[in-house]
Each structure stands twice: as C-alpha cells, then as structure tokens.
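> curious how this folds, go ahead:
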Amino acid sequence: MEDGTFRSLSYCDSTVDDDYDVRQWDAREDCEVRQILDRIADKWSLLVIALLDCQSLRFSQLRREIDGVSQRMLSVTLRHLERDGLVSRTVYPVVPPRVDYALTPLGRTLHQTIKALVTWTEEHQVEIATARAEYDARQEMMEA
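Have a look, this model is predicted:
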C-alpha cells in the first residue's frame, strides 16, 4: 500500500501508539473513530448510557430522568446507540406495547469509561470553578 493511503474510506490508524497525531482521525469526516466519538460524546448519549447502568428502562422513564431532552432527540439518540451496538431494545407483545432499553455488554464497557470521566469531573469541579471565576474576572477587567 502506498504511503498516505488508507485501507478503506473509513479506515483510521490506531491511536494506541504513544506518538499518534490526534488530527489523523479528526481531519477526515468519513473516519469511523471520529463518528463514534461524536456519537458517544453527545450529551444525551452520555446520560442514556449512565442511566441504563445495571437496569433496563422504558422510554418514558428515560424521558422523565433526562431533564431537557425532547421526545424526538431521545428517540434519535436511542436509535443511534442501538445501531452502534451499545443499547438493546426489547419489545414486549402486550397492549399497550412495552419497550425496554438496556446496555449491551459493549455498552457496559463504555459505561466504565463514562464513570471514570464523571469521577474525574467530581474530583476537579472546585478547581474548574475557580479557573472559570478567574477567567471571567480577567475578561471583565479587559472589557472595563
């Protein structure tokens, strides 16, 4: 294979190396790594994955628990997560229809990463709040 060519349209080199260039996957719209990161880093996806930890929930339960999500956005988010193999959808043949959503084994592995991110955020929220306040004060001084 020639230098600088990709194996397929969506192929991106591994980012496991210590000296990888983050731009190698971010610069190409058709890169699957970028598409996956865009999907799982979405605020609604993060909340759905967090809520489905160790339990299955119905659509209405998810909607009640996620403040600010519209019915349409929750439907789109769940559909995308199901397509990516992170969430399973189980339809029960009852009247009215009952649909439950749960994390797949793959989704549970992602939940561990999200949990680590939340833990980091909780541990550093005071430092971040301080940095924000200092930044805002500097901005106000510059505008005055």
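> got the phi/psi numbers for V69?
phi -80, psi 140 (degrees, to the nearest 10).
> can you count the residues close to it?
By other CB atoms under 10 Å, 18 other residues sit near V69. C-beta here means a position set from N, CA and C on the backbone, and glycine is covered the same way.
> surely it is in contact with F59?
No: with contact defined as CB atoms under 8 Å, V69 does not reach F59; the gap is 10.9 Å.
> tell me which residues of the lengthiest helix in the chain are tucked away?
Scanning the chain for the helix with the most residues, using DSSP state H, yields helix 105-143. Buried residues in helix 105-143, counted by 16 or more other CB atoms under 10 Å: G107, L110, H111, I114.
> residues in contact with the second one?
Going by CB atoms under 8 Å, 6 or more residues apart in numbering, L110 touches I40, I49, L86.
> which of those lies closest to A137?
I40 (34.7 Å; CB to CB).
> okay, the nearest residue to that closest one once chain neighbours are set aside: pLDDT?
Sequence neighbours aside, L110 is the residue nearest to I40 in space, at 6.4 Å (criterion: CB to CB, 6 or more residues apart in numbering). The per-residue pLDDT reported for L110 equals 91.
> how close does L110 sit to R64?
23 Å (CB to CB, to the nearest Å).
> do you know how far the residue nearest the centre of the chain is from Q61?
By CA atoms, centre = their mean, the chain has its centre lying nearest to I40, at 2.2 Å. The gap separating I40 from Q61 is 21 Å, by CB to CB.
> contact partners for I40?
Contacts of I40 (CB under 8 Å, 6+ apart): L46, I49, D84, L86, L110.
> great, nothing more from me.
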